[in-house]
Each structure stands twice: as structure tokens, then as C-alpha cells.
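Q: Structure, please.
(one chain, ligands or ions: 3)
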Amino acid sequence: MFFAVTDQAFVTLATDDVYCQGALVLGQSLRNHRTSRKLTVLITPEVSSGIRSVLSSVFDEVIEVDVLDSADSVHLALMQRPELGVTFTKLRCWTLTHYSKCVFMDADTLVLCNVDELFDWEEFSAAPDSGWPDCFNSGVFVFRPSLDTYNLLLQFAAEHGSFDGGDQGLLNSFFSNWARADIGKHLPFLYNLSSSSLYTYVPAFNHFGRDAKVVHFLGATKPWNYKYNLQTKRVMQDDTASGSFHQLPFLGLWWNIYSASILPLLEKLQKMEDSDEVACSVSELSIQSKPAKPIPEDERRKWEEGRMDYMGKDAFEHIKKKLDAFLH
Ligand code: UDP
Ligand code: GLC
Ligand code: MN
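A: Ligands and ions are numbered 1, 2, ... in the order given. Predicted structure coming up:
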């Protein structure tokens, strides 16, 4: 017997058509594993109307929100991910007050089995970050939508900013007692298995990896950036991706879902729009992310050398002003 739970949802975010490809595969993987919860995707005005219509065939709700950008190039440079300022838009998920409880999942995650039991956890539950285990990774978390919490988060962002320039730094400072207060709010790592490999990772992966429930392709290279051969159904790995050998089965799974379930939807759209944007007839496919906004060369060098202009343009006052402008 299948009971739909209508006041709880899985939520993801995609601010452009490329991240939407990830959101589509995530949504489809949740459907394949017969989730009983609603599926919601938050998008921003940049997402094209064609992709919106494809999203609405996988998700129950496609909700447009405005971008929230930390505009904090200073801290983002520490992660070498200048594009992640827009992850502040994730905070908008607390406005989904027509749900009593939600699970947020990054658009670069993929579920490997039914994970509806995640709704048994309470706000704020998340799994440890593999880079800094006293922090949680904000790619998968359980939360309760609330305008009060949302406003407190915005206020906190305006007052304190984020130590990584993205949502993860902010959320870790906001829910700062996560590490110690209640072990019941630590999701098992199997619900957010990061595909990054540290030297301690491979043996643990070999031992526990087969029980993974959600894989998170975190890092600058996403599954959609790999080349996939539609005939051989194989992901083509170049030498630069060496060291991520154990990722291959997961990448293959991502591309299987993409080619079996998402490409046909895009092909239908292509026929309707008569555009040739998605070249489905080719045998090899890969989706390139938008090039990151270039950082002017001498600015980048100054950052890399740790020479920030704290008294001038990089002063906290300026960063705060920018944040205030975005957040109000
Ligand atoms: N995201 C987005 N547009 C962007 C960057 C990020 O929509 O330009 C969303 C998307 O849901 C993505 C999440 O924010 O999965 C976090 O970014 P990402 O997964 O790239 O960060 P990582 O997990 O690699 O640190
Ligand atoms: C992290 C998380 C991601 C988050 C980003 C920015 O590595 O995986 O979900 O959006 O950092 O804070
Ligand atoms: Mn991610």
C-alpha cells in the first residue's frame, strides 16, 4: 500500500539550466525509488521556460524565487569556488511553509534507494562534512520551514556573513551547536556520501560504500561535465579525473538515469521548440557548466598571496553593505 504524505517534501535548488540537469536526475532518482513525499524545486528567473516545463514533469512544484547572493568573493576565494555565492538562495527553502517538514538536497546529489526515513529526523539534521567533520555538509539536511527561522537566517547573514561565502558556512555558524548538542541530529554519512577522495577515504569506501543511500558529487566537476557514450553506455574518464576511480559506478548511474528518463523529455521539448540546443543524436554527450565569472588577474593574485585590501574595497563594511543590498 502506498500512502502519499502531502505535507512533507524533498526540496532542491537550481539557479540555471545546467544545475537543472542535476535537479532533474535527482528528482527522477527519488521517483524511481518511489518516494511518498512531494518533490519541490526552487528556481530563479534565469531558468528558461522550456526547462521549467521539463522540471514540472518530474517535480510536483516548480517555485521561482529571487537569487540571494553572498557576493562575498573574499571567502569564496578560500574555497576556489567563486560561483557559490548564489547558494545563499538555498535559505529560501525555509519559506516553504505549506510543508511541515522538508529534506533539502543539492542538485548534484543522487539517491540510490528510498530515503523517506530521512523525515524521521528533526531540524536541524545533517551529515558531517568530509573536509571538516565538526561541520555538517549542507548538501543534504532536514529542516522545518518557518518564516521566523528564515528571517533570523537573513539577519544572521547580514550581521555575520559566512566563513565560506556560501550557505554551508552560514548554516554551520547559525546551527552552531550541531556538532555537540544532540548526536540524534547527525545523519549517517551514508545519506550524504561525498565522492571526494582523501587517503583515508578509499579503505572506508571499500568497506562501507556499498550501503550508501545518497551520493553527493561535490566539487567543481559534476557528473554532467563528464563525457558519456550513449552507445556503449559508459562514462569516459580523462586523466585529469584520476583518483576518482571509485566514483565511476555512481557517474554511470547518473548518466543512465539522464539518458533513459531526462533526455527523452528534452527531446520532446526540442521538437516542440524546434531548437537544436541539446544535441541528442550524437553518440557522446556532456554538458558544460557556465564559465565562472573571471576574477581580474591582479585581484586574484592578491587574494592568492593573502594580500586583502581590508582597509579599502575588501573592508568588512563594504562586504556588509553588499550583503544588506542583496538581502533586503
Ligand atoms: N547551485 C545552483 N547554482 C549555482 C551553484 C549552486 O543552483 O550556480 C545550487 C545547486 O543546488 C547545487 C548547490 O547550490 O547543488 C550547491 O552547489 P554545489 O553542489 O556546486 O557545491 P558543492 O556541493 O560542490 O560544494
Ligand atoms: C559545500 C556544500 C554545498 C554548499 C557549498 C557552499 O561544500 O557541499 O552544499 O552549497 O559548500 O557553502
Ligand atoms: Mn553539492
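Q: got any ranges where this structure has weak pLDDT?
A: The chain contains residues with pLDDT under 70 at 1, 196-200, 238-244, 275-282, 289-328.
Q: quick one: the strands in it?
A: With DSSP state E as the criterion, the chain has strands at 5-14, 37-43, 61-64, 101-105, 109-111, 125-128, 136-143, 193-194, 214-216, 227-229, 234-236, 284-285.
Q: ok, which residues in this structure are in contact with ligand 1?
A: Residues of the chain lying near ligand 1 by C-beta under 6 Å from any ligand atom: 12-16, 19, 83-84, 86-87, 106-108, 139, 218-219. All C-beta spots, glycine's among them, are computed from the backbone N, C-alpha and C.
Q: Of these, select the buried ones using a PyMOL command.
A: Applying 16 or more other C-beta atoms under 10 Å to those leaves a buried subset, and the PyMOL line that selects it is:
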select buried, resi 12+13+14+15+16+19+83+84+86+87+106+107+108+139+218
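Q: Just the ones of the residues of the chain next to ligand 1 in helices?
A: Within the residues of the chain next to ligand 1, residues falling in helices by DSSP state H are Tyr19.
Q: Spatially central residue for the protein, please.
A: Asp106 (2.5 Å; C-alpha atoms, centre = their mean).
Q: nearest residue to that residue other than its sequence neighbours?
A: The shortest distance from Asp106 to any non-neighbouring residue, by C-beta to C-beta, 6 or more residues apart in numbering, is to Gly139 (3.9 Å).
Q: I'd say that neighbour and Val103 touch.
A: No: using C-beta atoms under 8 Å, Gly139 is not in contact with Val103; the gap is 11.2 Å.
Q: list the contacts for Glu61?
A: Ala9, Lys38, Leu39, Thr40, Val41 (C-beta atoms under 8 Å, 6 or more residues apart in numbering).
Q: My guess is Met105 contacts Phe10. True?
A: Yes: Met105 lies in contact with Phe10 (C-beta under 8 Å); the separation is 6.0 Å.
Q: What residues does the chain have near ligand 2?
A: The chain comes close to ligand 2 at residues Leu84, Thr87, Asp106, Asn137, Ser138, Gly139, Asp164, Gly166, Asp167, Gln168, Gly169, Leu218, as judged by C-beta under 6 Å from any ligand atom.
Q: so what's the residue in the stretch 1-150 of the chain that ligand 3 sits nearest to up against?
A: Nearest to ligand 3, among the residues of the stretch 1-150 of the chain, is Asp106, at 3.5 Å (C-beta to the ion). Neighbouring residues of Asp106 by C-beta under 8 Å, 6+ apart: Thr12, Leu13, Gly22, Ser138, Gly139, Val140, His216, Leu218.
Q: Let me know the closest of these to Ala158.
A: Nearest to Ala158 among the contacts of Asp106 is Ser138, at 18.9 Å by C-beta to C-beta.
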